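Trainee: Sequence isn't available, so here's the structure alone:
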């Protein structure tokens with residue numbers, strides 16, 4: 001089992017920045033993939049970013065490339081999502097998620113409770 005706890009959401013104006021954090025605990029992390037996904041009202045869940053815990057390799061959804069950065073701190077078992085140049089269309093509930101195996105955009109087995117990000121125009 002993997003437990004995930006997100007923090008860092010909130011309200012920000014367009015053009016601003018936020019950093020989300022996800023503290024992970026449970027199974028060993030040598031093969032774990034950590035990801036951020038989001039879901040806006042009335043829309044399907046969307047892959048935002050993912051990172052391989054062991055190698056640090058990353059992947060991003062097309063809508064956030066160049067604006068968002070995912071990173072990890074192994075000493076704290078924490079994954080971060082730095083979000084810059086936020087736009088109203090980034091408004092969503094952001095979920096931290098985990099899976100074992102390859103870094104892909106779906107197939108996550110473990111989920112945090114979600115944190116709301118609201119970007120005002």
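Mentor: Nice, I can see it. None of these values were measured; they are calculated from a predicted model. Numbers count the residues shown, from 1 in each chain.

Trainee: Which residue, neighbours along the chain excluded, lies closest to residue 56?
Mentor: residue 72 (7.0 Å; Cβ to Cβ, 6 or more residues apart in numbering). Heads up, the C-betas are built off the backbone N, CA and C, glycines and all.

Trainee: Just list the residues touching that neighbour, thanks.
Mentor: Shown in contact with residue 72 (Cβ atoms under 8 Å, 6 or more residues apart in numbering): 34, 51, 53, 56, 78-80.

Trainee: Weed out the non-buried ones from the residues you listed.
Mentor: 34, 51, 53, 78-80 (16 or more other Cβ atoms under 10 Å).

Trainee: Tell me the one of those residues nearest residue 22?
Mentor: residue 79 (4.6 Å; Cβ to Cβ).

Trainee: beta partners of that closest one?
Mentor: Per DSSP bridges, the residues bridged to residue 79 are residue 22, residue 72.

Trainee: Could you give the bridge partners of residue 50?
Mentor: With DSSP bridges applied, residue 50 shows beta-bridge pairing to residue 35, residue 59.
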